[in-house]
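Q: Next input, structure requested:
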Amino acid sequence: MRIRFYSYFYPPCIGGGEVILHHQAEELVRRGHQVHVHTTPFLNLNLQERGAAGTRTEGGVVVHRRASGVLPFHNPMEKDAVTPAFLADAFLPADLLVCVGYPSFHLDALSVRARLLGTPLVVQNYVTADFLREILAGAGGLNKRIRARYWRRWVRPRLAAARMVLADSPGAAEALRTELALPNVRAHIGMAVDPREFADVSPPDGLAVRARMGLGEDRLILAPSRLSEQKGADLLVEAARPLLGPGWRLVIVGPVNDEAFARRVRALAGGDPRIHFGELPRRELIALMVESEVVCLPSRGETVGGVVFEGMYAGALAVVSDAVEAARDDYLADGRAGLLVPAGDVPALRATLRRAMGEDWSEMRAVGRRLVERRFTWSASVDRLLALYEEARGA
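A: Coordinates of the predicted model:
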């Protein structure tokens with residue numbers, strides 16, 4: 001099958017959706033499919049860094065990076081609207097078209113292609129239920145009202161005309177069905193883990209990372225995510241700092257997407273030598289996960305939280321905000337595989353971390369690892385994805 005993905009971003013630009021797309025594309029190639037990704041040259045979600053435009057093969061995937069710009073004004077449609085030059089690529093030969101991310105300019109072009117030529121179109125949508133409701137409420141000024149009308153009058157018909165809309169959590173799927181009355185929505189938790197990455201690291205790798213970061217032999221609370229307000233590192237620093245006596249450290253690792261927010265988080269840390277910040281190569285990050293007792297994601301809102309799966313597979317205890325919709329609705333809902341905390345509640349997060357640091361969680365950690373092994377490896381995830389793609393093609 002010849003599959004064409006269309007996305008504003010692709011690695012080395014890193015975010016949850018980009019990680020999912022990267023692994024899905026390479027796994028589909030390994031299964032014999034011809035995969036193209038059409039994207040922009042941006043290297044960071046802040047839209048400040050660009051690489052070279054052009055076409056090259058990466059991991060078997062043909063990646064087309066087209067020169068693109070950013071609209072130079074605040075607009076009601078998207079927070080940062082990109083003007084992708086890959087719109088003409090929407091009409092290249094394909095057996096399946098996949099629009100990745102929020103509804104955008106490339107959804108418009110792909111909708112025209114699907115309507116004129118009948119090529120099956122799937123939309124992999126990563127909007128959360130809470131954010132969708134916020135968008136559609138239209139509260140907060142003229143721009144918000146315009147955005148709400150845009151979604152109801154313009155975006156909804158294009159989503160409804162796609163063969164299938166894939167939501168990244170059960171809650172997001174239900175919101176798309178009820179708030180936009182879409183009949184073609186299916187839930188598919190796209191994020192997963194590559195067991196080979198963990199098999200490639202060894203205890204000496206973990207010790208080397210510890211030595212380089214000055215972590216000693218202390219036990220670790222690890223927050224492996226981007227430094228952006230959405231991910232809630234400020235909440236974690238506030239909650240954890242009073243708990244970091246002898247024997248425990250907090251490590252926050254990931255790219256900076258918001259410099260002002262990163263400065264605020266570091267100010268909250270107050271130069272505490274038990275709070276560490278940095279950005280690690282992938283192999284070192286995996287090694288650090290294996291070394292960690294707790295992996296924490298105090299997000300203010302997202303669909304899945306893929307780093308949680310990686311932490312669980314590494315054997316850490318997962319502590320996750322209930323604003324992570326798939327955690328709340330699915331993989332941590334029964335309280336057996338990890339601990340949920342109320343979003344934005346610093347005292348509740350501190351109390352949960354205190355429990356995580358003071359009790360024996362070996363059984364819950366083992367349950368979490370088995371859950372990921374069974375459901376959330378890339379092989380299992382792409383098995384489910386391909387079944388949905390074939391269903392869309394046959395619809």
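
Q: Distance check, Arg186 against His33.
A: Using Cβ to Cβ, to the nearest Å, Arg186 is found at 20 Å from His33. Just so you know, the C-beta spots here come from the backbone N, C-alpha and C atoms, and that holds for glycine as well.

Q: for Arg226, same thing?
A: Relative to His33, Arg226 is positioned 30 Å away (Cβ to Cβ).

Q: low-confidence ranges in this structure?
A: Counting by pLDDT under 70, the chain contains low-confidence residues at 72-86, 102-103, 395.

Q: Could you list the domains of it?
A: Residue ranges for each domain of the chain read 2-192+377-394, 195-374, as given by automatic domain parsing.

Q: And the first one, end to end?
A: The one in question is domain 2-192+377-394. The first and final residues of domain 2-192+377-394 sit 15 Å from each other (Cα to Cα, to the nearest Å).

Q: same question, stretch 4-14
A: Across stretch 4-14, first to last residue, Cα to Cα, it's 20 Å.

Q: Give me the buried positions along it.
A: Within stretch 4-14, the residues that count as buried by 16 or more other Cβ atoms under 10 Å are 4-11, 13-14.

Q: Also stretch 192-204?
A: Buried residues in stretch 192-204, defined by neighbour count with 16+ other Cβ under 10 Å: 192-194, 197-198, 201.

Q: Let me have those in TSV, extended by secondary structure and distance to Ala240.
A: Formatted as TSV, the entries for these read as follows, by DSSP: H, G, I helix; E, B strand; the rest coil; distance: Cβ to Cβ, whole Å:
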residue	secondary structure	distance to Ala240
Ala192	coil	28
Val193	strand	25
Asp194	coil	29
Glu197	helix	26
Phe198	helix	25
Val201	coil	25
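
Q: Show me which of those residues is closest to Glu58.
A: Lowest distance from Glu58 to those (Cβ to Cβ) belongs to Asp194, with 16.1 Å.

Q: any idea how far the residue nearest to the closest one when sequence neighbours are not counted lies from Leu280?
A: For Asp194, the nearest residue in space outside its immediate sequence neighbours is Trp378; the separation is 5.4 Å by Cβ to Cβ, 6 or more residues apart in numbering. Applying Cβ to Cβ, one obtains 21 Å for the distance of Trp378 from Leu280.

Q: One more: Ser381?
A: Between Ser381 and Leu280 the distance, using Cβ to Cβ, works out to 24 Å.

Q: Let me see the contact set for the residue of the chain positioned farthest from its centre.
A: When each C-alpha in the chain is compared with the mean C-alpha position (Cα atoms, centre = their mean), Pro246 comes out farthest, at 33.4 Å. Pro246 makes contacts with Asp218, as judged by Cβ atoms under 8 Å, 6 or more residues apart in numbering.

Q: sec struct for it, please.
A: With DSSP: H, G, I helix; E, B strand; the rest coil as the basis, Pro246 sits in coil.

Q: Please, where are all the helices along the stretch 1-150 of the chain?
A: For the stretch 1-150 of the chain, the helices defined by DSSP state H, counting those that start in this stretch cover 16-30, 105-117, 129-137, 142-150.

Q: and Leu215, which of the ones you listed is closest to it?
A: helix 16-30 (25.0 Å).

Q: which parts of the closest one are buried?
A: By neighbour count on 16+ other Cβ under 10 Å, the buried set for helix 16-30 is 16-29.

Q: Likewise for stretch 243-254?
A: In stretch 243-254, residues buried by neighbour count (16+ other Cβ under 10 Å) are 243-244, 248-254.

Q: Show only the entries of those residues found in helices.
A: Counting by DSSP state H, none of the members of the buried residues of stretch 243-254 fall within helices.

Q: can you put those residues in JSON lines and add distance to Gly306?
A: Converted to JSON lines, the buried residues of stretch 243-254 look like this (distance: Cβ to Cβ, whole Å):
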{"residue": "Leu243", "distance to Gly306": "26"}
{"residue": "Leu244", "distance to Gly306": "26"}
{"residue": "Trp248", "distance to Gly306": "25"}
{"residue": "Arg249", "distance to Gly306": "23"}
{"residue": "Leu250", "distance to Gly306": "21"}
{"residue": "Val251", "distance to Gly306": "18"}
{"residue": "Ile252", "distance to Gly306": "17"}
{"residue": "Val253", "distance to Gly306": "15"}
{"residue": "Gly254", "distance to Gly306": "12"}
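
Q: In strands, which of these appear?
A: Taking DSSP state E, the ones among the buried residues of stretch 243-254 that sit in strands are 248-253.
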